[in-house]
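Quick one, structure for this:
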Amino acid sequence: MYAILCGGLLLLSGVTQVWADESPDRIAYEVVFEGVTAKLLSAMEQQAQTFRNQSRPPVSMRQLNEHAQRDVARLQRVLESQGYYEGEVAVKIEHESKPIHIQFNVDPGPLYTIGSWNIVWPESLANQTIAPSITYLVKDQPAEASLIISAESQYLAQLRNRGYPFGKIQNRSIELDPNQAQVRVISHIEPGPSATFGDVVIEGLVGVKESLVFRYIRWQKGKPYRERRVEQLEKDLLSSGLFASAWVEPATQPKADGSLPIHIHLTERRHRTIRLGGSYVTDEQGLGAQASWEHRNLKGRGHRLRAELESTQIGINQTTSYLFPDFGYRNLDLLLELELAKEYPQAYSGQSTRAAATWGYHLLSWDMDVWAGFAQTNSSIEQQDVRTRYNIQELPVGFNWDHRDDPLNAMRGWQLMLQITPQTDLSKDIHFTKTYAEARLFQPLSWFPNTVFAMRLGTGAINGVALGNVPADRRFYSGGAGSVRGYAYQAIGPTTDGQPTGGLSLVETSLELRSTWNPRWGSVVFLDGGRVFAEVYSQEEEEDMRWAAGVGLRYFLDFGPLRFDIAFPLNKEGDDRSYQFYVSIGQAF
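Got it, this is the predicted structure:
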């Protein structure tokens, strides 16, 4: 039996070898493109089968010729998709060369641009206000298929946010004007049936109560469907820290009454988290470390208990907080905080205890968070060898209007913040009000791929009191990782005997160009500026705006970027260093 098996294997091996010997050799060849720009070359290399399969060549000349001829038609379509409607493609094959030489000769012809664009709506949308500016923005741009499809998608997105979740492009026609090298685009849009928000079905809950999920829903049953509300719900559920995944799925068609059921698919994550972090700055802040512990789902209703500890070379801060969501009313939260701090920067030294209660409310109609609260602070502050005790009560009010796509690494959107804090020093019967406002903008640059322009502008003032009566730790300072990079921490502003004293008003700005190279790496070029006034925006003071410029690297972790920045002061004075280096987690703003 063994001999028969061995003989069979030898016979099979011999037959396989004969077949292999009779197999024809594969044909080696090379492909080149003539007459194309770099952009066209990249698109053609992706579409040409002969180019993509050079490592897997055909076994016969007939197959090679067929593949090359089919590629001529493919490349013709590439030209049209890029706006070259009069382009021509021809192929030349040199069979005698070794390897065989395949050359695609391309004559793109004139680049057509978008001359006019008509969007044809059905009569049912006659009363709808759909922004026409999308097609105006692409007028005179190259007539690329991707640009046309992208603009149409923006119109459909408007429909999905106006109660028509099933809109589609019914048909599209493109008319050529060879005399002007322009195209006229006509897009017929079919809105589909209108829909309202219907019943919500939640799946996947284990330890989280269903009422908590309904708290995050920012729409009312029976109201017109808005896709942005659905997308925002997914973001809010994930940002709560309670869920590893959140998928909000509208039904594929509305019910007879026009309502659209919504299914929410959830996967819970562990509700307790320990976080560790670190930072490094070349100024007096030096090395820093952060640690926190959090339970995000006490009582199964999203009550959050958090303890945080942060330490640098100029101070240590410990905060314990407890969040009561839906405190007596939907979307009304109560946050209780107890903070112990000890600080010793160059400007002053001191220690404080602060207890605060803050009520926060989310305005659905504006998609804005507003808050008001009460705080009591007891502190002992030493500045210029004089120690003073304070007993301060605060009544802060403010809002945060945040339309960024990602708080840790914003690539699009904007944010407006304002806080007004009336304060009273009970030990001295002194009253003053501190106001701070900040605006942030994030805009992708269409002419510079994978690049975002980011801007921050902040200003603040303390009214109602002289500088000497404001505690040193409540005055305005500028300089450091969170304000004007390139200068030491709190180094910008008025000084006494070379020591920062802070001011009654502040202006700061930051400009950044953020580029992304690949999913893991990116870079930043930035310009920061700041000025601190001893009085409220006094123009009589001699110090001008202080500027710094720099560059940075970003390594993108799963939850946010790791930041490496180096900044150089442009108005170097006195003890200012020639540069400052920063390492931390998250973008500068």
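
Now Ser42: phi and psi?
phi -60, psi -40 (degrees, to the nearest 10).

Ok, the one 10 residues further on next?
Arg52 adopts backbone torsions of phi -70, psi -20, taken as degrees, to the nearest 10.

what residues are up against it?
45-46 (Cβ atoms under 8 Å, 6 or more residues apart in numbering). Using the backbone N, CA and C atoms, a C-beta is placed for each residue, glycine as well.

Quick check: buried residues in stretch 489-499?
489-495 (16 or more other Cβ atoms under 10 Å).

now, which of the residues you listed sits nearest Pro108?
In terms of Cβ to Cβ, no member of the buried residues of stretch 489-499 lies closer to Pro108 than Ile492, at 54.8 Å.

correct me, but the closest one touches Gly530?
Yes. Here Ile492 reaches Gly530: they are 5.2 Å apart, a contact under Cβ atoms under 8 Å.

So for those two, which residues contact both of them?
Shared contacts of Ile492 and Gly530, counting by Cβ under 8 Å, 6+ apart, come down to 478-479, 483-484, 546.

ok, back up a step: return the two entries of the buried residues of stretch 489-499 that lie farthest from one another.
That would be Tyr489 and Pro494, which, of the buried residues of stretch 489-499, are the farthest apart (Cβ to Cβ) at 15.6 Å.

that older thread, could the buried residues of stretch 489-499 go into JSON lines alongside distance to Leu557?
Shown next, in JSON lines, are the buried residues of stretch 489-499 (distance: Cβ to Cβ, whole Å):
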{"residue": "Tyr489", "distance to Leu557": "26"}
{"residue": "Gln490", "distance to Leu557": "29"}
{"residue": "Ala491", "distance to Leu557": "31"}
{"residue": "Ile492", "distance to Leu557": "31"}
{"residue": "Gly493", "distance to Leu557": "35"}
{"residue": "Pro494", "distance to Leu557": "39"}
{"residue": "Thr495", "distance to Leu557": "39"}
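
Which of those sits closest to Gln376?
Using Cβ to Cβ, these come closest to Gln376 at Gln490, 25.3 Å.

contacting residues for Leu159?
Here Leu159 is in contact with 130, 165, 167, 189, 191 (criterion: Cβ under 8 Å, 6+ apart).

hang on, the earlier thing: just the buried subset of the shared contacts of Ile492 and Gly530, please.
478-479, 483-484, 546.

Among the residues you listed, which one sits closest to Gln423?
Looking across those and measuring by Cβ to Cβ, the closest to Gln423 is Ser478, at 20.7 Å.

what does stretch 224-231 contact?
157, 160-165, 194-197, 218-219, 248, 250, 260, 262.

shaky segments in this structure?
1-25, 124-137, 541-542 (pLDDT under 70).

got the phi/psi numbers for the residue minimising distance to the centre of it?
What sits nearest the mean C-alpha location of the chain, by Cα atoms, centre = their mean, is Ala410, with 2.7 Å. Main-chain dihedrals, Ala410, degrees, to the nearest 10: phi -70, psi 130.

Give me the buried positions along stretch 176-196.
Residues of stretch 176-196 classed as buried: 181-183, 185, 187, 189-192, 194-196 (neighbour count, 16+ other Cβ under 10 Å).

end-to-end on it?
Counting by Cα to Cα, to the nearest Å, you get 41 Å between the two ends of stretch 176-196.

before we move on, what SS does Glu231 have?
helix (DSSP: H, G, I helix; E, B strand; the rest coil).

Make sure Glu45 is indeed in a helix.
Yes. Judged by three-state DSSP, Glu45 forms part of a helix.

Going forward, the N-terminal residue is numbered 893.
Understood, numbering begins at 893; the last thing we discussed is Glu937.

Spatially nearest residue to it, not counting backbone neighbours?
Excluding the flanking residues, the one nearest Glu937 by Cβ to Cβ, 6 or more residues apart in numbering is Phe943, at 5.2 Å.

in what helix or strand does the one you found lie?
When elements are assigned from DSSP states H and E, Phe943 belongs to helix 941-944.

next one: Glu1229
strand 1224-1235.

The helix or strand that contains Leu1039: which residues count as buried?
Following DSSP H and E, one finds Leu1039 within helix 1037-1052. Within helix 1037-1052, the residues scored as buried using 16+ other Cβ under 10 Å are 1039-1040, 1043-1044, 1047-1048, 1050-1052.

Leu1158 contacts Gly1096, correct?
Yes. Counting by Cβ under 8 Å, Leu1158 does reach Gly1096; the two are 3.8 Å apart.

Those two: who's more crowded?
Neighbour count, other Cβ atoms under 10 Å: between Leu1158 and Gly1096, Leu1158 has more, with 21 against 16.

residues touching that one, list them.
Per Cβ under 8 Å, 6+ apart, neighbours of Leu1158: 1094-1097, 1100, 1105, 1129, 1135, 1137-1139.

Let's see that with 7 Å instead.
By Cβ atoms under 7 Å, 6 or more residues apart in numbering, the residues touching Leu1158 are 1094-1097, 1129, 1135, 1138.

Any idea how many residues pack against the nearest residue to Gln939 once chain neighbours are set aside?
Closest residue in space to Gln939, ignoring its immediate chain neighbours: Arg966 at 4.8 Å, by Cβ to Cβ, 6+ apart. As a burial measure, Arg966 scores 15 neighbours (other Cβ under 10 Å).

Look at Arg966 and give its secondary structure.
From three-state DSSP, the assignment for Arg966 is helix.

That one reaches Ala940, doesn't it?
Yes. Assessed by Cβ atoms under 7 Å, Arg966 is found in contact with Ala940 at 6.4 Å.

is it true that Ala1440 touches Phe1460?
Yes. The criterion here is Cβ under 7 Å, and Ala1440 meets it with Phe1460 at 6.3 Å.

neighbour count winner among those two?
Ala1440 (25 against 16).

in the helix or strand encompassing the more buried one, what's buried?
Using DSSP H and E, Ala1440 falls within strand 1438-1448. For strand 1438-1448, burial by neighbour count (16+ other Cβ under 10 Å) applies to 1438-1442, 1444, 1446, 1448.

got these as CSV, with distance to Leu1337 columns?
Formatted as CSV, those follow (distance: Cβ to Cβ, whole Å):
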residue, distance to Leu1337
Arg1438, 28
Trp1439, 23
Ala1440, 23
Ala1441, 19
Gly1442, 20
Gly1444, 18
Arg1446, 17
Phe1448, 19
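
returning to what we had before: name the nearest residue to the residue nearest to the centre of the chain, sequence neighbours excluded.
Using Cβ to Cβ, 6+ apart, the nearest residue to Ala1302 is Arg1296, at 4.1 Å.

Repeat that for Gln1276.
Thr1388 (6.3 Å).

For the one you found, give me phi and psi.
Torsion angles, degrees, to the nearest 10, at Thr1388: phi -130, psi 120.

these two touch, right, it and Val1278?
No. Assessed by Cβ under 7 Å, Thr1388 is found out of contact with Val1278, at 11.4 Å.

Could you export stretch 979-986 as PDB, CA atoms only?
Extracted in PDB, the C-alpha atoms of stretch 979-986 (Å, rounded to 0.1, in the frame of the first residue of the first chain):
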ATOM      1  CA  GLY A 979      -9.400  65.000 -25.000                       C
ATOM      2  CA  GLU A 980      -8.200  62.100 -27.000                       C
ATOM      3  CA  VAL A 981      -6.200  59.000 -26.000                       C
ATOM      4  CA  ALA A 982      -4.300  56.600 -28.300                       C
ATOM      5  CA  VAL A 983      -2.100  53.600 -27.500                       C
ATOM      6  CA  LYS A 984       1.100  52.500 -29.200                       C
ATOM      7  CA  ILE A 985       2.600  49.000 -28.400                       C
ATOM      8  CA  GLU A 986       6.200  48.200 -29.400                       C
END
